[in-house]
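# take a look and give me a structure for this.
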Amino acid sequence: MRNPKIGVVSLGCPKNATDTEVMLGLLNEAGFEVTFDNDEAELCLVNTCSFIGDARKESVRTLVELADQGKELIIAGCLAQHFKEELLTEIPEARAVVGTGDITKIVDVIKAVARDSSLRVVEVSDVPNNYDDEVLPRMVTGVGASAYLKIAEGCDHACTFCIIPLLRGKFRSRTIESLVKEARILVKGGVKEIILVSQDSSYYGLDIYNKMALPELLEALHEIEDLDWIRIMYCYPTETNRALLEAIKRLPKVVKYVDIPLQHSHPAVLSAMARPRNPEKVMDLIREVLPEAKIRSTFIVGFPGETDEQFEHLVQFIEKYRFDRLGVFTYSKQMEVPSGHMDNQLTEKVKKARRNRIMRLQHDIAFASNKAMVGQVIPVLIESFDESKKLYIGRSQWDAPGIDNQVYVRESAEAPVYMAEVNMVLVEEAKPYDLIGVAYSGTEQVVKAAVNEHDGALVTPVSISR
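Below is the predicted model of the structure:
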């Protein structure tokens, strides 16, 4: 049996990234040689995304490019789950397809392909509901001192625009014990920030504990020594309750950051989406219980039938609540879900114009929010160094990797910067989506400053003790 050198490409969301790391960990444990330079690889494992049209196009483009380079392909993930045998028909270089519920079979799949050069394997369960609670080996591929911890798989909601239940199956939680065990392994390897991900993290535990148990999971993770930050991604509006918010407030290691995709504000659009109505209720609750938190949300514009009046309702909602972090997506039509068959589909021109308008509004909101940070001393997890700018780059506790702000940090004579550690930083300048500061050695947590209104530059800081 040949032992091919295996390259890897991971596309899509953080949940996909953790699946990729598990597959690589299993392959490494089985003795296969893994490379991150695909030019060296004979066989490329591509973990694909099929969530929306653009993601599907990126997956197909990546597969075609690798095939044109003469690579044999193992196609895993959502696109494999979605199209199964079609991929083998359309892409001759594809040796196997592996579904979202079958990633733990990756070693057997590649062994079979390596033994028989004519074999083509389909390992895709019709209903991807298998989920192993065992702590599996992972080859952590992320940059910096953060790692994702997938606390559950699948989704029980039936949003009319979303294909995830079809691709990932029903919601399945892992036990607190297995998650803490995996988190301890990650922290022992140098991880400082654990990021909890699932399709709906606030739903965690309902299937195995008969209650939403995310607060209990946070309590257990909080006990891990040498772990600095715990971040929660993807909360659902009706499940983001007082108990969860009070747990976030009470536990120092849990960052004060609420990621809650609301998708729209108008009741009629939310009903058509099969999403919870009255999003102002959860926004008011977050601001009441956790006023220090920064809130991230995402919205969809151009949903079928969205009128000018309904869009204006969304604009006014965003103006009122002034989200610190915001993503806006144009509706992506998919015929596998109910919204693809709805009347009054909007044109791409209208959808893009609506997105652009909200992003212009959010630019001003984000800039104002960042300007308010000038003069404050904040914790920043340093992740890299920019050789051209001679600045360190990191994130505050209010920023998730890859989607939110970055903080550019220079060393000072009094305070060096430590890579892959949380450093205290005095914010000197604000940009619309980034902050600029200097390493800070004092013990004060708040610094008052007079701020130049024209450029946001720091002038004459005066420290205030706690």
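# ok, which stretches of the stretch 301-450 of the chain are strands?
325-330, 377-386, 391-396, 406-410, 422-430, 434-439, 446-451 (DSSP state E, counting those that start in this stretch).
# in PDB, list the C-alpha atoms belonging to the longest one.
Which is strand 377-386. Taking C-alpha atoms only, strand 377-386 is exported to PDB below (Å, rounded to 0.1, in the frame of the first residue of the first chain):
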ATOM      1  CA  VAL A 377      -6.400  50.300  28.900                       C
ATOM      2  CA  ILE A 378      -7.600  47.000  27.500                       C
ATOM      3  CA  PRO A 379      -6.500  43.300  27.500                       C
ATOM      4  CA  VAL A 380      -5.300  42.200  24.000                       C
ATOM      5  CA  LEU A 381      -4.300  38.700  23.000                       C
ATOM      6  CA  ILE A 382      -1.300  39.100  20.700                       C
ATOM      7  CA  GLU A 383      -1.300  36.800  17.700                       C
ATOM      8  CA  SER A 384       1.200  38.000  15.100                       C
ATOM      9  CA  PHE A 385       3.800  40.600  14.200                       C
ATOM     10  CA  ASP A 386       3.600  42.800  11.100                       C
END
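# tell me the strands beside it, with direction?
strand 391-396 (antiparallel), strand 422-430 (antiparallel) (DSSP bridges).
# quick one on the thing from earlier: mean neighbour count for the strands of the stretch 301-450 of the chain - can I get that in JSON lines?
C-betas here are computed from N, CA, C, even on glycine. Formatted as JSON lines, the strands of the stretch 301-450 of the chain follow (neighbours: other CB atoms under 10 Å):
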{"stretch": "strand 325-330", "mean neighbour count": "19"}
{"stretch": "strand 377-386", "mean neighbour count": "19"}
{"stretch": "strand 391-396", "mean neighbour count": "22"}
{"stretch": "strand 406-410", "mean neighbour count": "21"}
{"stretch": "strand 422-430", "mean neighbour count": "23"}
{"stretch": "strand 434-439", "mean neighbour count": "22"}
{"stretch": "strand 446-451", "mean neighbour count": "15"}
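# looking at the ones you listed, which is nearest to Asn3?
strand 377-386 (33.8 Å; CB to CB).
# hang on, the earlier thing: export the strands of the stretch 301-450 of the chain to TSV and tack on mean pLDDT and distance to Asp102?
Listed next are those as TSV, based on pLDDT from 0 to 100; distance: least, CB to CB, whole Å:
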stretch	mean pLDDT	distance to Asp102
strand 325-330	97	29
strand 377-386	96	33
strand 391-396	97	34
strand 406-410	97	36
strand 422-430	97	38
strand 434-439	98	41
strand 446-451	36	52
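# save the ones you listed as JSON lines, and put in distance to Val180 too.
Below are those laid out as JSON lines (distance: least, CB to CB, whole Å):
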{"stretch": "strand 325-330", "distance to Val180": "28"}
{"stretch": "strand 377-386", "distance to Val180": "21"}
{"stretch": "strand 391-396", "distance to Val180": "24"}
{"stretch": "strand 406-410", "distance to Val180": "30"}
{"stretch": "strand 422-430", "distance to Val180": "21"}
{"stretch": "strand 434-439", "distance to Val180": "33"}
{"stretch": "strand 446-451", "distance to Val180": "34"}
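# out of these, flag the one nearest Thr89.
Per CB to CB, nearest to Thr89 of the strands of the stretch 301-450 of the chain: strand 325-330, 30.8 Å.
# what's that closest one in contact with?
52, 259, 294-302, 318, 348, 351-352, 354-355, 358-359, 362, 365-366, 398-399, 403-405 (CB atoms under 8 Å, 6 or more residues apart in numbering).
# ChimeraX command for the buried members of those residues?
This is the ChimeraX syntax for the buried subset of the contacts of strand 325-330, where burial follows 16 or more other CB atoms under 10 Å:
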select :52,259,294,295,296,297,298,299,300,301,302,318,351,354,355,358,362,365,366,398,399,404,405
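# can you tell me which of the contacts of strand 325-330 are in helices?
Ile318, Glu348, Lys351, Lys352, Arg354, Arg355, Ile358, Met359, Gln362, Ile365, Ala366 (DSSP state H).
# Ile393 contacts Tyr408, correct?
Yes. Judged on CB atoms under 8 Å, Ile393 makes contact with Tyr408 at a distance of 6.0 Å.
# need the overlap of contacts for the two.
Common neighbours of Ile393 and Tyr408 (criterion: CB under 8 Å, 6+ apart): Asp386.
# so in the protein, where's the weakest helix or strand by average pLDDT?
strand 458-464 (a mean of 32; mean pLDDT, DSSP states H and E).
# Val328 versus Arg231, what's the distance?
22 Å (CB to CB, to the nearest Å).
# picking up where we left off before, which of the strands paired with strand 377-386 sits closest to Ile103?
That would be strand 391-396 among the strands paired with strand 377-386, by CB to CB, at 28.5 Å.
# just the CA coordinates for that closest one, please, in PDB.
The C-alpha trace of strand 391-396 is given here as PDB (Å, rounded to 0.1, in the frame of the first residue of the first chain):
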ATOM      1  CA  LEU A 391       3.700  46.400  15.000                       C
ATOM      2  CA  TYR A 392       2.200  43.500  16.900                       C
ATOM      3  CA  ILE A 393      -1.300  42.500  16.000                       C
ATOM      4  CA  GLY A 394      -3.900  41.100  18.400                       C
ATOM      5  CA  ARG A 395      -7.500  41.100  19.400                       C
ATOM      6  CA  SER A 396      -9.400  42.500  22.400                       C
END
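# residues in contact with it?
Strand 391-396 has contacts (CB under 8 Å, 6+ apart) with 378-386, 401, 404-411, 417, 419, 423, 425, 435-436.
# try stretch 28-35
3-8, 24, 27, 41, 107, 110-111, 137, 139.
# rewinding a little: okay if I get the ones in helices among the contacts of strand 325-330 as a markdown table plus distance to Leu66 and pLDDT?
As requested, the ones in helices among the contacts of strand 325-330 are exported to a markdown table (distance: CB to CB, whole Å; pLDDT from 0 to 100):
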| residue | distance to Leu66 | pLDDT |
| --- | --- | --- |
| Ile318 | 40 | 98 |
| Glu348 | 29 | 97 |
| Lys351 | 31 | 98 |
| Lys352 | 30 | 98 |
| Arg354 | 36 | 98 |
| Arg355 | 31 | 98 |
| Ile358 | 36 | 98 |
| Met359 | 33 | 97 |
| Gln362 | 36 | 97 |
| Ile365 | 41 | 97 |
| Ala366 | 37 | 97 |
